[in-house]
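*Asks:* Here is a sequence with its predicted model. Questions after.
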Protein chains: 2
Amino acid sequence: MIKIERPGRGDGARRLPPLKDGRSAWFAAINRGKKSIALDLEAEADREVLEALLGHADVLLESFRPGVMARFGLEWEAVSPRFPRLIYGSLSGYGQTGPDARRPGYDVVAQARGGLMGLTGTPGQPPVRSGAAVGEIAAGLFLAQGVLAALHDRARSGTGRRVDVSMLDAQVALLDDAVSATAATGTAPRPHGPRHPAFAPCEAVEASDGAFVLAAGNDASFEKLCITMQLPLERDPRFSTNAARCENARLLRRLIEAVTLEHPRAHWLARLTAAGVPCAPIQSMDQVMRDPQVTARNMIVDVLDKYGRTAFKAAGNPVKISGQSDPPTRPAAPDLDGHRGEILRWLNRT
Amino acid sequence: MIKIERPGRGDGARRLPPLKDGRSAWFAAINRGKKSIALDLEAEADREVLEALLGHADVLLESFRPGVMARFGLEWEAVSPRFPRLIYGSLSGYGQTGPDARRPGYDVVAQARGGLMGLTGTPGQPPVRSGAAVGEIAAGLFLAQGVLAALHDRARSGTGRRVDVSMLDAQVALLDDAVSATAATGTAPRPHGPRHPAFAPCEAVEASDGAFVLAAGNDASFEKLCITMQLPLERDPRFSTNAARCENARLLRRLIEAVTLEHPRAHWLARLTAAGVPCAPIQSMDQVMRDPQVTARNMIVDVLDKYGRTAFKAAGNPVKISGQSDPPTRPAAPDLDGHRGEILRWLNRT
C-alpha cells in the first residue's frame, strides 16, 4: 500500500498526540507497513509519477472533500476512461451526492448528525461521544467491503468501479435497529444508558465493588441467571419473556442489583460464567491489552520503528483467515517520502 | 441468501420488540430479501438437504458458540475436505481459539470487556453502552471483509478458506487509537464524555438552546472557527497547534462556550457551515430519518411484507457502487420455512 502525501508537511496525522520520540503513536500504528511518496499533484514531473502509479494500481483510495480530486483533474469520471480496470474508492463526510456533499465531515460530526450520539449516554444527561471513532471507522469498514466486492466483480467483468461511502451513511447503517424501531413505534428511542434497548437484562449492573456487565437476552440464559442468583423470577409473567423483561427492565434491574450488591464483581463473574450466562468486567484499555483471550488471539501487535526496534503497539488484525499469516510484529510506518527511490525504480522511472 | 432456521421456533430475533402486526420490525429490516428453510440438522432427510445446499453454496456463515457446529459434524475441519471451494465464515463472542473460545458472547459483553464501554461516558459518571450495537456490527463488518477477501482469493487459488472473527477482537480493532495511546503513555485513557481525545476542539458544546457538535482538528479549521466566533485565539500559544489545544481542551471549551451560549444552535450551525468548519446538530433518530442528505442518499428504504405492502423501514446500503442498483424498496423478510419448496426444486430434490 502506497501512501501519497503532500511534500513538506505530509499527512497531518503524523503530528497527532500522543507522541513517542517525536512520532505519533497512532500514525505509526495505522500506517504500519505502508510505503510513502510525496507528490505535488500540480507539478508536471510528480503528476507523471502519479499517472504511472495509477497504471499499476488495482485500487485508488481518497478521502478528500467531494470536488477536491476534480481540481487536480483526478475525479472518477476523468480517471476511469484512462484506467478502466482501476477501482476508485472514496470516503467522505456526506457522500459524493446530495445537498451537503461538499461539506467537510468529521468523526464526531457524523456521530452527532447520524444519531449515534443522541442514543449514547445516560437518560437525562447530556449525550456523549462513543469512545471509539465509530463515525470514521465504520465508514472505512464499509469502504473496504465495497472495494473487495468490486475486486471480486472485476475478476469476471474486467472493469473497475467507483465505490462511494460516507461517514453519515455508515452511521445510519450502524443504527439499523433504531431506524426500524422509530418507524414501527412512531417514536425515536432515547439513550438507554448502560443497557441494550431490545434485550433485558443486557446491561451494566452494580456489584459491591463496582459495575460489571451481564446479558441474558433469551429465556434459557435468563433461567440460568435466576438459578445462579437464587432469584426465582423466570416464571413471573413480568419477566417470563424477553418482551416482558424489556417492558419491566427498570424493575428487573433493581431486583438483580438487590442481589448483586451483596458480593464483589469477581464473585458474580465466576458464577455466571460457570452457569453459561454471558458476562464480563468493564475493562480499561490497559486491562484489555493484558486480557489472556486478547493476547491469545494476537490482537495486540508490536510495530517496529525504521531501525527495526520494537517501538509501538497496535491493534492486531481481527480478520483471521486460514492459511494467512498473522505475525506478532509488524513493519514500521514510513517516513514522509521514504520510498521515493524504491517506487520510482519499480515504475522504471530512474 | 438462504437462512437456515430451527423447525418450530426459528430465529429468536423473529420475536424481538418492537413488534408491528405481530412481526419484529428489526427482524424484518435485517432479513429483507433472504429465503428461509427450516432444517432439523439431526434428522436424516433434512441433513441431506443441508449437504446439497453446501454443494451449491459459495459461503457458509454461522454464529454458534465454538464447538456447536462440531456437535452436528459440521465444523470447518469436517466440511472443508468435502466442499473444498466452500468459504466458511464464523462469528463468535471470543473467536475459535484461546482460553475463552467456548464462552457465550453478546454485544454489550464485547463492549465492556473490549474496552469501548470504559471509554464511553462522562468522566466521573458510570460507563454507558454505545447506542449502536457496535460489538456485534463491527464483527459482522470484519467478517464480510474476510469473506470477500476469501472469494477474491478463491478466484485465483480455487480453494475456500475459514474466516474466524470475534466480537472481542473487533472491539479491540475499533479502539486502535486507545491501544497505541495506552502503550505510548503507559496510562489507559479515561472517558472523554462528548469529545474526541486526539483533536481539539472536537466535541459537543452548549448553545443557548442546547448542545451541538463542532470539529476543528487542524489549524486551518481552527482559524476559521476563531474568525467566525470573533474569538482571537489562533495565535495564542495555548491554542496555536492541535497538540496545544488538546493539552488545554477544558479551558478551550469554556472559552468557546462563553461565546456559543449567546446564541441558539441554528445561529452557529449556519455560520460555521458557511465558514467551512465541520459542525452538526445532535439529531434524534426521527430527525435523522428526515434529514435531506440522508434521504437524498437513499439511506432509509422501505421493506415490504409478504403481501407486497410497504410495511417497515430499514437503513439503506451505505456501500454505493457505480453500476449497481440501489432500489428504494426492498423485498420482504421470509416467513419461517417460507421457501422450502422453492429451495428443494432448485436442488432438484422434489
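*Replies:* The structure has been received and is ready for your questions. Keep in mind the model is a prediction, meaning the values are calculated, not measured.
*Asks:* make it CA atoms for all contacts and neighbour counts henceforth
*Replies:* OK.
*Asks:* Surely A:Ala332 touches A:Arg309?
*Replies:* No. A:Ala332 is beyond contact range of A:Arg309, at 9.1 Å (criterion: CA atoms under 8 Å).
*Asks:* Among the two, which residue is more densely surrounded?
*Replies:* Neighbours per residue (other CA atoms under 10 Å in any protein chain shown) separate A:Ala332 from A:Arg309, with A:Ala332 holding more: 24 against 12.
*Asks:* roughly how far apart are the more buried one and A:Asp302?
*Replies:* Counting by CA to CA, to the nearest Å, the gap from A:Ala332 to A:Asp302 is 10 Å.
*Asks:* Repeat that for A:Gln287.
*Replies:* Applying CA to CA to A:Gln287 and A:Asp302 gives a distance of 17 Å.
*Asks:* who has more neighbours, the two?
*Replies:* Taking neighbours as other CA under 10 Å, A:Gln287 and A:Asp302 compare with A:Asp302 leading, 23 against 16.
*Asks:* my read is the more buried one is in a helix, agree?
*Replies:* No. Counting by DSSP: H, G, I helix; E, B strand; the rest coil, A:Asp302 falls outside a helix, being strand.
*Asks:* ok, it - contacts?
*Replies:* Residues near A:Asp302 by CA atoms under 8 Å, 6 or more residues apart in numbering or on different chains: A:Thr310, A:Ala311, A:Phe312, A:Lys313, A:Ala314, A:Pro328, A:Thr329, A:Arg330.
*Asks:* Give me the pLDDT for it.
*Replies:* The model reports A:Asp302 with a pLDDT of 98.
*Asks:* who's it bridged to?
*Replies:* A:Lys313, A:Thr329 (DSSP bridges).
*Asks:* Next one: it from A:Ile30, what distance?
*Replies:* As judged by CA to CA, A:Asp302 and A:Ile30 stand 12 Å apart.
*Asks:* anything in contact with each of those two?
*Replies:* A:Ala314.
*Asks:* For the most centrally placed residue in chain A, which non-adjacent residue is spatially closest?
*Replies:* The centre of chain A sits closest to A:Ile137, judged by CA atoms, centre = their mean, with a distance of 3.6 Å. In space, and not counting its chain neighbours, A:Ile137 is closest to B:Leu174: 7.0 Å by CA to CA, 6 or more residues apart in numbering or on different chains.
*Asks:* my guess is the one you found meets A:Ala133, correct?
*Replies:* Yes. Here B:Leu174 reaches A:Ala133: they are 7.4 Å apart, a contact under CA under 8 Å.
*Asks:* And stretch A:110-127, end to end?
*Replies:* Stretch A:110-127: ends 14 Å apart by CA to CA.
*Asks:* buried stuff in it?
*Replies:* Neighbour counts over stretch A:110-127 (16 or more other CA atoms under 10 Å in any protein chain shown) mark A:110-122, A:126-127 as buried.
*Asks:* In helices, which of the residues you listed appear?
*Replies:* If you go by DSSP state H, the buried residues of stretch A:110-127 have A:Ala110, A:Gln111, A:Ala112, A:Arg113 in helices.
*Asks:* Next to chain B in this structure, residues from the stretch 251-350 of chain A, please.
*Replies:* A:273, A:276-286, A:288-289, A:292-294, A:296-297, A:299-300, A:312-323 (CA under 8 Å from any CA of the partner chain).
*Asks:* if we can go back for a sec, now the ones in helices among the buried residues of stretch A:110-127 as a markdown table including pLDDT?
*Replies:* Supplementary listing: these in a markdown table, determined by pLDDT from 0 to 100:
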| residue | pLDDT |
| --- | --- |
| A:Ala110 | 96 |
| A:Gln111 | 95 |
| A:Ala112 | 96 |
| A:Arg113 | 97 |
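*Asks:* Do stretch A:83-94 and chain B come into contact?
*Replies:* Yes. Stretch A:83-94 reaches chain B (CA under 8 Å from any CA) through A:Tyr94.
*Asks:* okay, that stretch in CSV with CA atoms only?
*Replies:* Taking C-alpha atoms only, stretch A:83-94 is exported to CSV below (Å, rounded to 0.1, in the frame of the first residue of the first chain):
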residue,chain,number,x,y,z
PHE,A,83,-7.6,3.4,-16.3
PRO,A,84,-10.7,1.2,-16.9
ARG,A,85,-9.6,-1.6,-14.5
LEU,A,86,-8.9,0.8,-11.6
ILE,A,87,-11.2,0.6,-8.6
TYR,A,88,-11.8,4.1,-7.2
GLY,A,89,-12.8,4.2,-3.5
SER,A,90,-13.9,7.5,-1.9
LEU,A,91,-14.6,8.1,1.7
SER,A,92,-16.2,11.4,2.6
GLY,A,93,-18.3,13.0,5.3
TYR,A,94,-21.6,13.1,3.4
